[in-house]
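Asks: task: produce atomic coordinates for the following.
(one chain, ligands or ions: 1)
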Amino acid sequence: MKKIPLFKPYIGKEEVRAVSQTLLSGWITLGPQTEAFEKAFAGYVKSKYAVALNSATSGLHLALLVAGIKEGDEVITTPLTFASTAEAVLYVGAVPVFADIDPRTLNIDPLSIEKRITKKTKAIIPVHYGGQPCDMDAINKLASKHNLVVIEDAAHAAGSAYKGKKIGGGKNMTVFSFHAVKNLTTGDGGMITTSNASLDKKLRALRWMGINKSTRERETSAGYRWDYEIRDGGFKYHMNDIAASIGLVQLRKLDLMNEKRRKIAGIYNAAFEGVPHIRPLAQLPNLVNAQHNYCVILSNKALSREEIISALVKEGISTGVHYKPLYHHPRYGKYGKAKDTPVAEEIWTRILLLPCHPGMTAADAQKVARELLALKM
Ligand SMILES: Cc1ncc(COP(=O)(O)O)c(C=O)c1O
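Replies: Okay, the predicted model is just below:
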């Protein structure tokens, strides 16, 4: 039986060729490929600057640091996200505060954000869940009113757009993930985009130990080359050229790969139309959804979600649950209470992610839909 995984990287001969060339080039760490990838990515989202990193987790950490978020500050985010979003807040000694979500999209609800704002609130981290952009006009307006920084977690949103503008091309620092299953992968990797030259400079220093001159710059500059200076220290968070050479190829294919994801989603949407117990997420107008995942909200009674998942596994179909609200993990339990985010608390028990990735065929998606529809749930 053909297995249909939940996610799968879409890698071809082009990536293999690019990696081989880089491996044989004599320069495999932070260098010309990383620079070229940054330039190409900034051009793609139309941002002034792009800083390439080893992960989005590092990106969220650095973005919070350069935004000046520190011990005792509060940062509002969604509980329906991967651990990194809240963990990065803890890295800088701040406190994650969870706001509720919109049941149509599973994105953070600006009305709930407003209720969570206190004197200690310094930042908001909206997560573009599954690739559908959050209500950024409302979030940016709240941020201006209360003098808050917005850092967009765009781990799912490479290629997404909000009202005609690519995510990452606006004024907020925006953090992308190039982890293996993301829309654009470099194996592992991340990128921060910003329109602010001073933030760009700080991010570049922090990603590589606070060293003021890269090895590459020293290698290629004339004259006295060995010296460099460290003032404030930093982290070992930069991307390397092997990853960047994969990223350059993936970026050229990103729109096509996202189109393939949306085609799979279209097949599911058509199959579930009018089915009362399987509700796809809403696709709101004026947005481009990179369709990182495909999520349905089940109204199951006869079968538990675990039974549904097991029945699909028997047919070779992998599914997922993104996410269990973070406050359900012991690590984040003290930062959120189920009663404060009633929508997230109710809906997460009914979330089911279906396979959605560019390598799937229409027949794969039809099979998944058929098997799910066949269950008397
Ligand atoms: C919403 C979200 N934020 C952050 C991350 C962290 O990304 P990375 O694995 O690149 O650190 C992920 C990765 O799964 C994610 O899904």
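Asks: show me which residues of the lowest-mean-pLDDT helix or strand in the chain are buried.
Replies: Within the chain, no helix or strand scores below helix 215-220, which has a mean of 72 by mean pLDDT, DSSP states H and E. Burial within helix 215-220, assessed by neighbour count using 16 or more other C-beta atoms under 10 Å, is assigned to residue 216. (Glycine included, C-beta is placed from N, CA and C.)
Asks: can you get me a residue count around residue 129?
Replies: Neighbour count for residue 129, taken as other C-beta atoms under 10 Å: 27.
Asks: test my guess that residue 81 contacts residue 130.
Replies: No. Counting by C-beta atoms under 8 Å, residue 81 does not reach residue 130; the two are 11.0 Å apart.
Asks: quick one: the helices in the protein?
Replies: Assigned by DSSP state H, the chain shows helices spanning 13-25, 32-45, 56-66, 83-91, 110-116, 136-146, 197-207, 215-220, 241-272, 305-314, 342-347, 362-374.
Asks: adding distance to residue 165, write the ones you listed out as CSV.
Replies: Supplementary listing: those in CSV, determined by distance: least, C-beta to C-beta, whole Å:
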stretch, distance to residue 165
helix 13-25, 28
helix 32-45, 9
helix 56-66, 19
helix 83-91, 22
helix 110-116, 18
helix 136-146, 9
helix 197-207, 19
helix 215-220, 32
helix 241-272, 15
helix 305-314, 37
helix 342-347, 28
helix 362-374, 30
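Asks: what about the ones you listed, which gets the closest to residue 285?
Replies: helix 136-146 (13.0 Å; C-beta to C-beta).
Asks: now do stretch 160-167, average pLDDT.
Replies: Averaged across stretch 160-167, the pLDDT comes to 98.
Asks: identify each buried residue in that stretch, please.
Replies: In terms of neighbour count (16+ other C-beta under 10 Å), stretch 160-167 has its buried residues at 160, 161, 162, 166, 167.
Asks: what's next to that stretch, contact-wise?
Replies: 44-46, 128, 131-133, 136-137, 152, 154, 157-159, 170, 174, 286-290 (C-beta atoms under 8 Å, 6 or more residues apart in numbering).
Asks: the residue sitting nearest the centre point of the chain: what's it in contact with?
Replies: Central residue of the chain (C-alpha atoms, centre = their mean): residue 155, 1.0 Å from the mean position. With contact set as C-beta under 8 Å, 6+ apart, residue 155 has these partners: 56, 82, 84, 127, 175, 176, 177, 179, 182.
Asks: of those, which belong to strands?
Replies: Among these, the ones falling in strands (DSSP state E) are 175, 176, 177.
Asks: out of these, who's the most crowded?
Replies: Of these, residue 175 is surrounded by the most neighbours, 33 neighbours in total, counting by other C-beta under 10 Å.
Asks: burial check on the closest residue to that residue other than its chain neighbours, number of neighbours?
Replies: The spatially closest residue to residue 175, leaving aside those adjacent along the chain, is residue 59, at 3.8 Å (C-beta to C-beta, 6 or more residues apart in numbering). The number of residues packed around residue 59, counting by other C-beta under 10 Å, is 32.
Asks: residue 229 now?
Replies: Using other C-beta under 10 Å as the criterion, residue 229 is surrounded by 8 other residues.
Asks: the one 4 residues further on now?
Replies: A count of neighbours around residue 233, defined by other C-beta under 10 Å, yields 10.
Asks: returning to that earlier point: other residues contacting the least confident helix or strand of the chain?
Replies: 27, 29, 30, 31, 32, 35, 225, 226, 227, 228.
Asks: give me the buried subset of the residues you listed.
Replies: Of those, these count as buried by 16+ other C-beta under 10 Å: 27, 29, 30, 31.
Asks: nearest to the ligand among those residues?
Replies: Proximity of the buried ones among the contacts of helix 215-220 to the ligand, judged by C-beta to the nearest ligand atom, is greatest for residue 30, which lies at 17.1 Å.
Asks: enumerate the residues of the stretch 1-150 of the chain near the ligand.
Replies: Taking C-beta under 6 Å from any ligand atom as the contact definition, the stretch 1-150 of the chain meets the ligand at 55, 56, 57, 81, 82, 84, 85, 127.
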